[in-house]
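Trainee: What shape does this take:
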Amino acid sequence: MARILVLYGTTDGHTRRIAASLGATLRTRGAEVDVIRAGSPGPSPDDYDGIIVAASVHASGFQRPVKRWVLTHAHAFGTKPTAFVSVCLGVLQQDPAVQNELHAIVNRFLLATSWQPTITKLVAGALLYRQYSWIKRWVMKRIVAKAGGDVDTSRDYEYTDWNDLRAFADQFGALVGVGRGAVSAHAGRRAVTAAVALLAVLGVAQGAWAQNGDPAGDWQHGSMLSGFFGGQAASSQINPAAGAGFGWAVSPHLAVEGRGTWFHVNDGSTDFAATIGAHLPVFVGRSVMPFLSAGAGVYLATINAASDSIPAFYRNRLATGAVGTRTFQDFQVTLGGGMDLLMSSHVALRPEAGVMIITSGSNARTVGVFGLHVVYHVPPQKVRQ
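Mentor: Residues are numbered from 1 along each chain as shown. The predicted model follows:
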């Protein structure tokens, strides 16, 4: 798997969001990405296959920690693909003199650091009036007014073209050797690993049944309780998951189940999914019963706005300058399958793998969910007449 560094410098925080967007897009393409703010001592370029440096223009220059890092490490870039992303409001102005000055600022930086990046990209930034000090707000308003821009200081303005930025990330990913095909290959490797693990479980179970006979007898209809532990696969991350459920076996070929699942995601927060679904055994009356499952419900994601690893599905819905945590509630559909391994007339082990499709409007995020359910079939109670 290709490893990419996105190193950034920021003054008001918007370039951090741009760097996080680049990292998130590259992760969905199958790369391992570190998004790091420039500072001492900083990461070593020797650890990466490709490097993106992002910085914003202030006073005709870029953040000093970015310049120091590039000065220190540019000689080690070698033939690796590299990119420099310059963030500035002037990108929006059509005045040729302004455009020439923006390119001159970039060229002076590259000349001073002896760096010749593979790609250079100019990106429009943001006017964060509400975050500025009163004097900076006054200065920025005067500058923007001269250019005919937005001068209502009671609100912020974001000008970044996120779709264009994602296209740039794809362009850079292709240089490093990652892309949409790489995601499928990575997902395929995970699927193969899960399949091998499932076959191993089945092999052990079948050996036990060969020695002890069929322990299951007739699988009782009625209510079921279950516990779950496993994981969630999103991009290149595997996050632990656990949950519980309750169900009712309506017929030998259909059970209706409600599940609650918690996911401990990589930035330390916890997501939750509530699902009502159908459990559909393909064969019945056996100790090993393959099944299909389908369900729908809600997915609650808690997002830390300061995190550098926010999925694009949520990051693009955060307000400009957002701080603290934000909770998103979205519709989700789950599709999966697995095996019921009947250990007794009341207990079953159920390895299962599937996909969860989380939607918001026309956007969707797909994650894999896999693990093992321990199911207890509550025996029906006979009532004496």
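Trainee: Just the mean pLDDT for stretch 84-98, thanks.
Mentor: Rounded to a whole number, the mean pLDDT of stretch 84-98 is 80.
Trainee: Between its first and last residues, how far does it reach?
Mentor: 19 Å (C-alpha to C-alpha, to the nearest Å).
Trainee: for stretch 127-137, same thing?
Mentor: End-to-end for stretch 127-137, by C-alpha to C-alpha: 9 Å.
Trainee: can you map out the helices along the stretch 51-200 of the chain?
Mentor: Under the criterion DSSP state H, counting those that start in this stretch, helices of the stretch 51-200 of the chain are mapped to 64-73, 96-113, 134-146, 162-176, 180-212.
Trainee: Just list the residues touching Val282, thanks.
Mentor: 289-292 (C-beta atoms under 8 Å, 6 or more residues apart in numbering). Placement of C-beta: from N, CA and C, glycine included.
Trainee: what about 10 Å?
Mentor: Going by C-beta atoms under 10 Å, 6 or more residues apart in numbering, Val282 touches 253, 289-292, 337, 339-340.
Trainee: Which members of those residues are classed as buried?
Mentor: Buried residues within those, counting neighbours by 16 or more other C-beta atoms under 10 Å: 289, 291, 339-340.
Trainee: what about dumping the CA coordinates of the helix or strand hosting Val355 to CSV?
Mentor: Assessed by DSSP states H and E, Val355 sits inside strand 347-360. Extracted in CSV, the C-alpha atoms of strand 347-360 (Å, rounded to 0.1, in the frame of the first residue of the first chain):
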residue,chain,number,x,y,z
VAL,A,347,-27.3,-21.6,21.2
ALA,A,348,-25.8,-20.7,17.9
LEU,A,349,-22.7,-19.0,16.7
ARG,A,350,-23.3,-16.7,13.7
PRO,A,351,-20.3,-15.4,11.8
GLU,A,352,-21.5,-12.6,9.5
ALA,A,353,-20.1,-10.1,7.1
GLY,A,354,-21.9,-7.3,5.1
VAL,A,355,-21.9,-3.8,3.9
MET,A,356,-23.6,-0.8,5.4
ILE,A,357,-24.6,2.0,3.0
ILE,A,358,-25.0,5.3,4.8
THR,A,359,-26.9,8.0,2.8
SER,A,360,-27.4,11.8,3.0
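Trainee: So in that sheet, which strands flank the helix or strand following that strand, and in what orientation?
Mentor: Toward the C-terminal end, the helix or strand that comes next after strand 347-360 (DSSP H and E) is strand 363-377. Paired strands of strand 363-377, with direction, are strand 223-234 (antiparallel), strand 347-360 (antiparallel) (DSSP bridges).
Trainee: List the buried residues for the last one?
Mentor: If I follow you right, that is strand 347-360. Applying a neighbour-count criterion of 16+ other C-beta under 10 Å, one finds 348-354, 356, 358, 360 buried in strand 347-360.
Trainee: on that earlier part again, ok, which pair from the contacts of Val282 is furthest apart?
Mentor: Taking C-beta to C-beta as the measure, these span a maximum distance of 15.7 Å, between His253 and Met339.
Trainee: shaky segments in the stretch 1-150 of the chain?
Mentor: 1, 40-41, 91-92, 140, 143-149 (pLDDT under 70).
Trainee: Please enumerate the strands of it.
Mentor: Here the stretch 1-150 of the chain has its strands, by DSSP state E, counting those that start in this stretch, at 3-8, 32-37, 50-56, 82-87, 119-123, 126-127.
Trainee: just to revisit the earlier point, ok, so of the contacts of Val282, who is nearest Thr160?
Mentor: Out of the contacts of Val282, the member with the shortest distance to Thr160 (by C-beta to C-beta) is Gly337, at 41.1 Å.
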